[in-house]
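**Q** Fold the stuff below for me.
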Amino acid sequence: MNNRLLVTAIGAAAMAVSGCAYQGASYGHTAQPTYNPYGASAVPYRRHQQTVGGTRIETELSYEQFVDGNIIDGGTVIGGDTTADVGYQDAFKPGYRASIGIARDFRPNTTVMAKGFYSQAEGEDDVVIATNGGGNVLADFSDYTSYGAELGLRQYLSPAQTRLRPFVGATVGAAFVEDLSVSTGGPSTVINDAGWTATASATGGFEMPLSPTASLALESGIRWSDAQDRSAFGATLGDDNSRLSVPVTLRGRFRF
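**A** Presented below is the predicted three-dimensional model:
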């Protein structure tokens, strides 16, 4: 009797162990793999993930054109001459702007940056700055040269795994603008004194990863620069105006 009970107990235990093993095998066989939302795009996702986060060096090169703001207001009479409206876009050719700085991603889609810049635009020649009974008064403008620093914020509009990542951004800063002068055939005369002015910009564009440590972006927008102080002669030409320019910028971003 005892032997029968022992055999029965052993058999029940064996069936229980077998059932548990079967259940474990069944769950192991039917369990779904971890869900990968990126599927075949996981490789570029991982590549881009390595290009965000941490500290970056950013370099920029811009083509920039003034689009608004007068350097000379029309209607002022000076010794028989009447000044003409002369916009910054009339006085200066499209120029370039170069900058270098650092950027820090403090959220997956948000970047803060600090940078220094240098910009220059060549002055136009034979610009009509006034009229008189005998014709037009023509002048050559000096080059527009400035340098300074900016702080900015960039907000990406899609997750890091996006192959072409849209963004918007804004900056505020200060620029030191060199003297601006005109020449009507004799020595140049300063009309705007050198000095510091406030700047601000709003931009948008797209960024694309190139490697685990680098990305490339193209952006454009609008940049505002405050007016400069006038020289004694420049004050006779009316007040200087704040100006707007449109930059088209190519930016490289590198991790270190």
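
**Q** now the strands for the stretch 101-250 of the chain?
**A** Secondary structure of the stretch 101-250 of the chain (DSSP state E, counting those that start in this stretch): strands located at 110-121, 127-132, 135-141, 144-156, 165-177, 180-183, 189-192, 195-211, 214-225, 243-255.

**Q** relative to strand 243-255, how tilted is the fourth one?
**A** Relative orientation of strand 144-156 with respect to strand 243-255: 60 degrees, computed using axes from the mean of the first three to the mean of the last three C-alpha atoms, to 10 degrees.

**Q** looking at the strands of the stretch 101-250 of the chain, which is closest to residue 60?
**A** Residue 60 sits nearest to strand 243-255 of all those, at 4.6 Å, using C-beta to C-beta. (C-beta placed from N, C-alpha, C; glycine too.)

**Q** strand partners of that closest one, parallel vs antiparallel please.
**A** The strands beside strand 243-255 in its sheet (DSSP bridges) come out as strand 54-68 (antiparallel), strand 214-225 (antiparallel).

**Q** okay if I get the ones you listed as TSV plus mean neighbour count, distance to residue 184 and mean pLDDT?
**A** Shown next, in TSV, are the strands paired with strand 243-255 (neighbours: other C-beta atoms under 10 Å; distance: least, C-beta to C-beta, whole Å; pLDDT from 0 to 100):
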stretch	mean neighbour count	distance to residue 184	mean pLDDT
strand 54-68	16	22	94
strand 214-225	18	26	96
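
**Q** can the ones you listed go into a markdown table with extra columns for distance to residue 129?
**A** Output for the strands paired with strand 243-255, formatted as a markdown table (distance: least, C-beta to C-beta, whole Å):
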| stretch | distance to residue 129 |
| --- | --- |
| strand 54-68 | 16 |
| strand 214-225 | 21 |
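
**Q** Residue 56: which of the strands of the stretch 101-250 of the chain is closest?
**A** The closest of the strands of the stretch 101-250 of the chain to residue 56 is strand 243-255. By C-beta to C-beta, the value is 5.1 Å.

**Q** and the angle for that closest one with strand 195-211?
**A** Using the same axes, to 10 degrees: strand 243-255 against strand 195-211 is 40 degrees.

**Q** in strand 243-255, what's buried?
**A** Within strand 243-255, the residues scored as buried using 16 or more other C-beta atoms under 10 Å are 243-247, 249, 251-253, 255.

**Q** where are the low-confidence patches of the protein?
**A** For the chain, the stretches flagged by pLDDT under 70 are 1-53.

**Q** sorry, back to before: if we compare the strands of the stretch 101-250 of the chain, which one ends up closest to residue 233?
**A** Counting by C-beta to C-beta, residue 233 lies closest to strand 189-192 out of the strands of the stretch 101-250 of the chain; the figure is 5.5 Å.

**Q** I'd like the buried residues of strand 243-255 as CSV, with distance to residue 129 appended.
**A** Listed next are the buried residues of strand 243-255 as CSV, based on distance: C-beta to C-beta, whole Å:
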residue, distance to residue 129
243, 17
244, 21
245, 21
246, 24
247, 27
249, 32
251, 37
252, 40
253, 43
255, 50
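
**Q** For residue 197, the count of nearby residues, please.
**A** Residue 197 has 21 neighbours, counted by other C-beta atoms under 10 Å.

**Q** give the contact list for the closest residue to it other than its chain neighbours.
**A** Spatial nearest neighbour of residue 197, excluding adjacent residues (C-beta to C-beta, 6 or more residues apart in numbering): residue 226 at 4.2 Å. Counting by C-beta atoms under 8 Å, 6 or more residues apart in numbering, residue 226 touches 197-199, 242.

**Q** Quick one: buried ones out of those?
**A** Among the contacts of residue 226, those buried by neighbour count (16+ other C-beta under 10 Å) are 197, 199, 242.
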